[in-house]
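Enquirer: Let me see the structure of the following:
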Amino acid sequence: MLRPLGDRVLVEVAQEQEQTISGFVLASSAKEKPQTGTILAVGEGRLLDSGELAPVPVKVGETVLFEKYAGSEVKYEGKEYMIFSVKDIIAVVE
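Expert: Next up is the predicted model:
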């Protein structure tokens, strides 16, 4: 598995199948980019000027809402993931 560095998190993005009101399934190119996902791994935290680590405020297993065009797409062992900086996470879904 991938281990993000610093204040980054590895997220498995939710796959949402979109349908029109009449039941037609939209092609992937016509879909909105999903903005939720499950955290699979977190980095050790951000290094502060004092030399201490600021812990990452989210944990593995949480579902999060993130900025629409943030993060980096990563492909690993045939699966697609996103890596985000903690500042790109908007909220934890409870």
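Enquirer: tell me the contacts of the residue nearest to G45 when sequence neighbours are not counted?
Expert: Among residues not flanking G45 along the chain, L53 sits closest, at 3.9 Å (Cβ to Cβ, 6 or more residues apart in numbering). C-beta here means a position set from N, CA and C on the backbone, and glycine is covered the same way. With contact taken as Cβ atoms under 8 Å, 6 or more residues apart in numbering, L53 is in contact with 44-47.
Enquirer: L53 bridge partners, please.
Expert: L47 (DSSP bridges).
Enquirer: Any idea which residue is closest to the centre of this structure?
Expert: The C-alpha lying nearest the average C-alpha coordinate of the chain belongs to V11 (Cα atoms, centre = their mean; 3.6 Å).
Enquirer: what comes up buried for whichever strand or helix holds that residue?
Expert: In the assignment (DSSP states H and E), V11 maps to strand 8-13. Judged by neighbour count using 16 or more other Cβ atoms under 10 Å, the buried positions of strand 8-13 are 8-11, 13.
Enquirer: circling back: next, find the distance separating the residue nearest to G45 from L5.
Expert: Plainly put, L53 is 12 Å away from L5 if you go by Cβ to Cβ, to the nearest Å.
Enquirer: Now for those two: what residues contact both?
Expert: With contacts taken as Cβ under 8 Å, 6+ apart, L53 and L5 have E44 as neighbours in common.
Enquirer: give the contact list for the closest residue to D7 other than its chain neighbours.
Expert: Nearest residue to D7 in three dimensions, chain neighbours excluded: R46, at 3.9 Å (Cβ to Cβ, 6+ apart). Residues near R46 by Cβ under 8 Å, 6+ apart: 6-7, 53-54, 56, 86.
Enquirer: Thank you kindly, that will do.
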